[in-house]
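# Just to be clear, the model below is a prediction. Sequence and coordinates:
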Amino acid sequence: MAPSAAEKAGAIFRKLDEAYGSRAWNTHTQQKPFRVLVGTILSHRTRDEMTDRAADALFARHPTVEELASAPLESIEECVRPVNYHKTKAARIREASRILLEKHGGETPRTAAELEALPGVGPKTAACVLVYGFGLPAIPVDVHVHRIANRLGLVDTRKPEDTERELWKVVPSRWVPRVNELLVKHGRQTCRPARPLCSRCPVRPLCAHERESTLK
């Protein structure tokens with residue numbers, strides 16, 4: 001009997017965990033909720049190393065939500081200059097900090113709806129805060145996770161938001177908090193966009209892309 005979608009997903013994530021473990025691949029997701037929020041806003045269309053550099057510089061100068069809410073915009077921009085769209089992100093971070101003070105007592109919300117009401121926060125950023133900041137079940141899906149989930153055959157979708165919904169249906173609950181982490185690591189180290197390193201892939205026997213390639 002062929003394995004169910006959940007059984008296949010569980011097998012894939014077990015193999016990815018064995019291959020990549022739980023070692024952090026950046027620092028901006030290994031923080032308290034507010035810092036995960038700011039770091040994830042900074043990370044949009046920016047490499048992790050640049051995001052980490054900007055976040056470290058920003059919190060070295062303005063370490064609290066109170067200080068960020070009242071900081072001169074030019075100061076925030078200077079700190080986050082390594083990231084793409086740094087001026088837009090600086091303005092969003094200051095405004096989000098102000099809203100957190102005014103509406104949430106300076107605390108970072110624990111729900112997706114409240115997080116997505118903040119400037120610069122979409123479903124992926126909100127999910128990152130929930131899973132990395134609070135340790136709550138969430139599946140952050142960006143274009144990279146979307147690509148890898150489809151390539152592996154975990155889902156068959158056209159948009160990241162569809163991928164998130166479908167992953168919830170097939171991923172066993174124990175692996176939900178690790179989905180983003182393990183797929184990101186797999187994409188960085190092995191399952192590259194243009195030239196995936198299939199010969200050393202830890203989930204090669206389970207991969208839909210590999211099966212399609214052998215049939216051609």
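Now that the structure is in, tell me what you want to look at. Remember, predicted model here, so these are calculated numbers, not experimental data.
# contacts and neighbour counts: CA atoms only from here.
OK.
# what's the strand or helix carrying residue 92 packed up against?
Taking DSSP states H and E as the criterion, residue 92 maps to helix 86-104. Judged by 3 or more Cα pairs under 8 Å, 6 or more residues apart in numbering; DSSP states H and E, helix 86-104 is in contact with helix 33-43, helix 65-70, helix 73-79.
# can you rerun that using 6 Å?
Under the contact criterion of 3 or more Cα pairs under 6 Å, 6 or more residues apart in numbering; DSSP states H and E, helix 86-104 touches helix 65-70, helix 73-79.
# Can you add mean pLDDT and mean neighbour count and give the ones you listed back as TSV?
What follows is those, written out as TSV (pLDDT from 0 to 100; neighbours: other Cα atoms under 10 Å):
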stretch	mean pLDDT	mean neighbour count
helix 65-70	98	18
helix 73-79	98	17
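# would you list those helices in TSV and tack on distance to residue 48?
Formatted as TSV, the helices and strands packed on helix 86-104 follow (distance: least, Cα to Cα, whole Å):
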stretch	distance to residue 48
helix 65-70	22
helix 73-79	16
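# Any buried residues in the helix holding residue 92, and which?
Under the neighbour-count criterion of 16 or more other Cα atoms under 10 Å, helix 86-104 has 86-87, 89-101 buried.
# and it with helix 33-43, angle?
With axes from the mean of the first three to the mean of the last three Cα atoms, to 10 degrees defining the directions, helix 86-104 sits at 150 degrees from helix 33-43.
# and helix 86-104, average pLDDT?
Helix 86-104 carries an average pLDDT of 98.
# now the helix or strand that it is followed by: how far from the chain's centre is it?
The helix or strand immediately downstream of helix 86-104 is helix 112-116, counting by DSSP H and E. Here the centre of helix 112-116 is set off from its chain's centre by 15 Å, with Cα atoms, centre = their mean, to the nearest Å.
# helices and strands around helix 112-116, which ones?
Using 3+ Cα pairs under 6 Å, 6+ apart, no helix or strand is in contact with helix 112-116.
# Next secondary structure after that helix?
Using DSSP H and E, the helix or strand that directly follows helix 112-116 along the chain is helix 123-128.
# Quick one: mean pLDDT over that next one.
Here helix 123-128 scores 97 as its mean pLDDT.
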